[in-house]
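# Structure for the following, please:
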Amino acid sequence: SGVDGGGAFPALVVTVDAAGADAPTASAPTDGAERSPASVAPVEDAAAPEASAAVREVVASSPPFFVLFGGDLMAHEQILSVAAEHEAGDPASGWTWLLREITPLKRRLEDLGRTVFVANLEFPVATEREEPRRWPPRFHGPRAAPVGSGAAGGDVVTVANNHAYDQHRDGLAETVAAARAAGMQTVGGGTASEARAPVFLFEDGPRVAVLAYVWMPSPPREPSDAQVARIAVLDDRVEGEVRAARADADVLFVVVHWIGEFVEQPTAQWREWTERIAAAGADAIVCHGPHVVGPVESVESAGRKVPVVFSLGNLVSNMGWGVHPGVETFETDDSEMRIESRREALAAFRIAGTPEGPEPGWNIDGLWMGPLWLEDNRPVSRTRGGPPREIFPRPMPWCAPDPRDGCWDAASDEWCMGRLEMILGER
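Numbering: from 1, shown residues only. Here you go, the predicted structure:
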């Protein structure tokens, strides 16, 4: 497939045929599913001049670029506790530990080309103005979180989500400042001039831009003071912003955070928004928010097929913490028993040069999905002499390994077998 993710990215979901370039081939799906590649043409700019020979040479000789997207980073009470328990003398190291299985995946992509990792920071990193609570959930996280996440490979965080104001608008401003102080870019929130503006991912090479929005049934009124922090919501301004960003970019990603817990299939409103965004010129749309994985589809727009990842699910959370081998599951609105929230995903997009034709440039030419499983050893950690509590995402196996692979030493063979059956069942 051209991407060796160590089994994390084994199946090509979408290919993008660029003029004069061969689309990457897909390895055969291992789960029996049929995947038909969708051909995606670049957005054309009729006013673009003939490129010089120097531009063609740069594009032709450049290795590919990758953009890796992850889901929601949450600050549940149990996550804060686990991060603190795994600190190595530095509070930030606990957050690096939480993402330690994601770091090697990014490094493998970096071996093939420059890679940027984008995730959703779904909690404020700010002065505590409101006490965190379980229900309705209200979050507050430590300033060590973006530092540790950055050390694990995080480059960009989106902040357009429904928990951005958990510590008020001033808390959002502090969150943006904290992430930037940690060396990360932010998108989807800030002052009036920042919140709805794109960020560009690579200092040199292709101009790859990201816009981020949140879909809210009843969004709050924006402040009149342009310096007061706000998040970017989906509204009638979006299409113009997408067109403007695409005119200044080689490739444009639009990230959307949906409001709709545990909604696995896109609603009619979500589909309508992805169609509008695609028609305005987005090259790909990546979404999260429902805390469960959604489908990967494509939207037809003016002869193009725009890939849409409807939900990546979570990245770090404690949802599904009550689901373990031997525990009977049942239908409930309580996230504790939601096994589907333990399955997560990464989306890796490859951007390659297209040197041939009158307008050489850059296009998305591949999308790989990497399935993750949210590990949680709560029952094992509570046994006498058991290991410390662990919650973290790791790549799902694509075959049936030894049940003890990746399991905890203190766990019984029966428990490890039950864990493996859960993982393979959810895959």
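# In this structure Ser381 contacts Glu375, no?
No. Look at Ser381 against Glu375 with C-beta atoms under 8 Å: they stay out of range, at 11.5 Å. For every residue, glycine as well, the C-beta is placed using N, CA and C.
# between these two, what contacts are shared?
Shared contacts of Ser381 and Glu375 (C-beta atoms under 8 Å, 6 or more residues apart in numbering): Glu390.
# Three-state assignment for Ile351, please.
What DSSP: H, G, I helix; E, B strand; the rest coil gives for Ile351 is strand.
# can you pull the contacts of it?
Ile351 neighbours (C-beta under 8 Å, 6+ apart): 64-67, 206, 208, 250-251, 362-365.
# Could you identify the most distant pair in these?
Using C-beta to C-beta, those span at most 14.5 Å, a distance reached by Phe66 and Asp250.
# Pro393 sits in which helix or strand?
Applying DSSP states H and E as the criterion places Pro393 in strand 391-395.
# How about residues contacting whichever helix or strand comes after that strand?
Counting by DSSP H and E, the next helix or strand C-terminal to strand 391-395 is helix 413-426. With contacts defined as C-beta under 8 Å, 6+ apart, helix 413-426 is touched by 323-326, 339-340, 342-343, 373, 379-380, 396-397, 400-401, 403-404, 407-408, 411.
# again, only using 6 Å
Under the criterion C-beta atoms under 6 Å, 6 or more residues apart in numbering, residues 325, 343, 373, 396, 403-404, 407 lie in contact with helix 413-426.
# and Glu57, what does it touch?
Glu57 makes no contacts at all, as judged by C-beta under 6 Å, 6+ apart.
# That one: which element?
For Glu57, the host element (DSSP H and E) is helix 53-61.
# Then Phe69?
Applying DSSP H and E as the criterion places Phe69 in strand 65-73.
# Could you name the helices and strands sitting against that strand?
strand 115-121, strand 284-288, strand 314-316, strand 343-354 (3 or more C-beta pairs under 6 Å, 6 or more residues apart in numbering; DSSP states H and E).
# Give the rounded mean pLDDT of the third one.
Along strand 314-316, the predicted local confidence has a mean pLDDT of 98.
# again, but for stretch 383-398
90.
# Endpoint to endpoint, it covers what distance?
The first residue of stretch 383-398 is 30 Å away from its last residue (C-alpha to C-alpha, to the nearest Å).
# Centre of the chain to it, how far?
Centroid displacement of stretch 383-398 relative to its chain, using C-alpha atoms, centre = their mean, to the nearest Å, is 22 Å.
# Tell me which residues are up against that stretch.
Contacts for stretch 383-398 (C-beta under 6 Å, 6+ apart): 7-8, 10, 30, 82, 85, 98, 101, 318, 344, 371-377, 380-381, 408, 410, 423, 427.
# With stretch 337-348 instead?
By C-beta under 6 Å, 6+ apart, stretch 337-348 touches 9, 66, 68-71, 286, 291-293, 309, 312-314, 319-320, 322-323, 329, 368-372, 374, 393, 426.
# Filter the residues you listed down to the buried ones.
Buried by 16 or more other C-beta atoms under 10 Å: 9, 66, 68-71, 286, 291-293, 309, 312-314, 319-320, 322-323, 368-372, 374, 393, 426, out of the contacts of stretch 337-348.
# Output the below-cut-off pLDDT ranges for the stretch 201-350 of the chain.
Along the stretch 201-350 of the chain, the model assigns pLDDT under 70 to no residue.
# Helices along that one, start to end?
Counting by DSSP state H, counting those that start in this stretch, the stretch 201-350 of the chain has these helices, from start to end: 238-247, 268-279.
# Using CSV, lay out the ones you listed together with distance to Gln227 and mean neighbour count.
Formatted as CSV, the helices of the stretch 201-350 of the chain follow (distance: least, C-beta to C-beta, whole Å; neighbours: other C-beta atoms under 10 Å):
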stretch, distance to Gln227, mean neighbour count
helix 238-247, 20, 18
helix 268-279, 28, 18
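# okay if I get those helices as TSV plus distance to Arg138?
Shown next, in TSV, are these (distance: least, C-beta to C-beta, whole Å):
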stretch	distance to Arg138
helix 238-247	28
helix 268-279	25
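# Tell me which of the ones you listed lies nearest to Pro220.
Pro220 lies closest to helix 238-247 among the helices of the stretch 201-350 of the chain, at 17.0 Å (C-beta to C-beta).
# returning to what we had before: ok, which of the helices of the stretch 201-350 of the chain comes nearest Val187?
Closest to Val187 of those is helix 238-247 (C-beta to C-beta; 10.8 Å).
# on contacts alone, who are the packing partners of the closest one?
Applying 3+ C-beta pairs under 6 Å, 6+ apart, we find helix 238-247 packed against no helix or strand.
# Not counting its own residues, what contacts it?
Counting by C-beta under 6 Å, 6+ apart, 196, 198, 209, 211, 252, 277, 280-282 sit against helix 238-247.
# And stretch 149-164, by the same measure?
Contacts of stretch 149-164 (C-beta under 6 Å, 6+ apart): 95-96, 99, 103, 106, 116-123, 139, 172, 179, 182-189, 212-214, 231-232, 255, 257, 259.
# model confidence over that stretch, on average?
Averaged across stretch 149-164, pLDDT comes to 98.
# Relative to the whole chain's centre, how far out is that stretch?
When C-alpha coordinates are averaged (C-alpha atoms, centre = their mean), stretch 149-164 and its chain have centres 9 Å apart.
# okay, now the residue nearest to Val323 when sequence neighbours are not counted: neighbour count?
In this structure, Val323 finds its nearest non-sequential neighbour in Ile339, 4.4 Å apart by C-beta to C-beta, 6 or more residues apart in numbering. By other C-beta atoms under 10 Å, 18 other residues sit near Ile339.
# Go ahead and build a ChimeraX selection from the buried members of the contacts of stretch 149-164.
If you want just the buried ones from the contacts of stretch 149-164 in ChimeraX, going by 16+ other C-beta under 10 Å, the selection is:
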select :95,96,99,106,116,117,118,119,120,121,122,123,139,172,179,182,184,185,186,187,188,189,212,213,214,231,232,255,257
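# Out of the contacts of stretch 149-164, which sit inside strands?
Members of those lying in strands (criterion: DSSP state E): 116-121, 185-187, 189, 212-214, 231, 255, 257.
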